[in-house]
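[1] next comes the sequence, and after it the predicted model I'd like to discuss.
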Amino acid sequence: MAFVMIREAKEGDCGNILRLIRELAEYEKLSDQVKISEEALRADGFGETPFYHCLVAEILSAPGEPQGPCVVGYGLYYFSYSTWKGRNIYLEDIYVKPEYRGQGIGSKIIKRVAEVALDKGCSQLRLAVLDWNKRAMDLYKALGAQDLTEAEGWHCFRFEGEAMRELAGK
């Protein structure tokens, strides 16, 4: 039987990460929003000053099995700052291929991100989930996360494209 290893992504994983990003976007019914390229992932995650960090879940074959290692999930995160709490870590994406769900892989990724957060002195691990993804919300709650929309009424907003250029006066 194969087992799963959660490890830091390497530059050579960018193709697999992009494939999984596209799968996640399709699952979230937002495929048209994916504009990132493998080259951008390389430059932004593996340059001198990375904009993000990433963990991958890799299935390793048992001795004698023909299949080699296979990346089946990822967690992409970055550091942020709260004026109330200080250092934070934000888990931008967590995704496990459907055929590997229910085996604790997603939980292992989240737990590893929590370890990184604590090692870096972060007070919070934050993430967002679409309102229809009850399975993910149930997992996060089971792991101890608090739903800030329920508890505090927070809503997330974003500026992008023309709205951002107009805001910046460009």
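    Now that the structure is in, tell me what you want to look at.
[2] any idea which helix or strand carries Arg19?
    helix 14-27 (DSSP states H and E).
[3] show me what Ile59 is bridged to.
    Beta bridges link Ile59 to Val4, Cys70, judged by DSSP bridges.
[4] you'd agree Ser37 is up against Ile21?
    No: using Cβ atoms under 8 Å, Ser37 makes no contact with Ile21, being 10.6 Å away. Every residue, glycine included, has its C-beta placed from N, CA and C.
[5] who's more crowded, these two?
    Ile21 (18 against 11; other Cβ atoms under 10 Å).
[6] tell me who's in contact with the more buried one.
    Ile21 makes contact with Val34, Ile36, Tyr74, Asp93, Tyr95, according to Cβ atoms under 8 Å, 6 or more residues apart in numbering.
[7] one more: Gln124?
    Per Cβ under 8 Å, 6+ apart, neighbours of Gln124: Ser82, Lys85, Asn88, Ile89, Ala117.
[8] ChimeraX command to pick out the buried ones of those?
    Selection of buried members from those for ChimeraX, criterion 16 or more other Cβ atoms under 10 Å:
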select :88,89,117
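[9] closest one of the contacts of Gln124 to Leu167?
    Ser82 (22.6 Å; Cβ to Cβ).
[10] who are the neighbours in contact with that closest one?
    Per Cβ under 8 Å, 6+ apart, neighbours of Ser82: Asn88, Ser123, Gln124.
[11] how close does it sit to Arg165?
    27 Å (Cβ to Cβ, to the nearest Å).
[12] sorry, back to before: for the contacts of Ser82, give me a markdown table that also has pLDDT and secondary structure.
    Below are those laid out as a markdown table (pLDDT from 0 to 100; DSSP: H, G, I helix; E, B strand; the rest coil):
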| residue | pLDDT | secondary structure |
| --- | --- | --- |
| Asn88 | 97 | strand |
| Ser123 | 97 | coil |
| Gln124 | 97 | strand |
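[13] tell me the bridge partners for the most centrally placed residue in the chain.
    The C-alpha lying nearest the average C-alpha coordinate of the chain belongs to Asp93 (Cα atoms, centre = their mean; 2.4 Å). With DSSP bridges applied, the residues forming beta bridges to Asp93 are Leu76.
[14] pLDDT score assigned to Pro63?
    Predicted confidence (pLDDT) at Pro63: the value is 63.
[15] rewinding a little: between the contacts of Ser82, which is nearest Lys108?
    Gln124 (20.1 Å).
[16] how much space separates the closest residue to Leu41 other than its chain neighbours from Val96?
    Nearest non-adjacent residue to Leu41, counting by Cβ to Cβ, 6 or more residues apart in numbering: Cys14, 4.4 Å away. Distance, Cys14 to Val96, using Cβ to Cβ: 18 Å.
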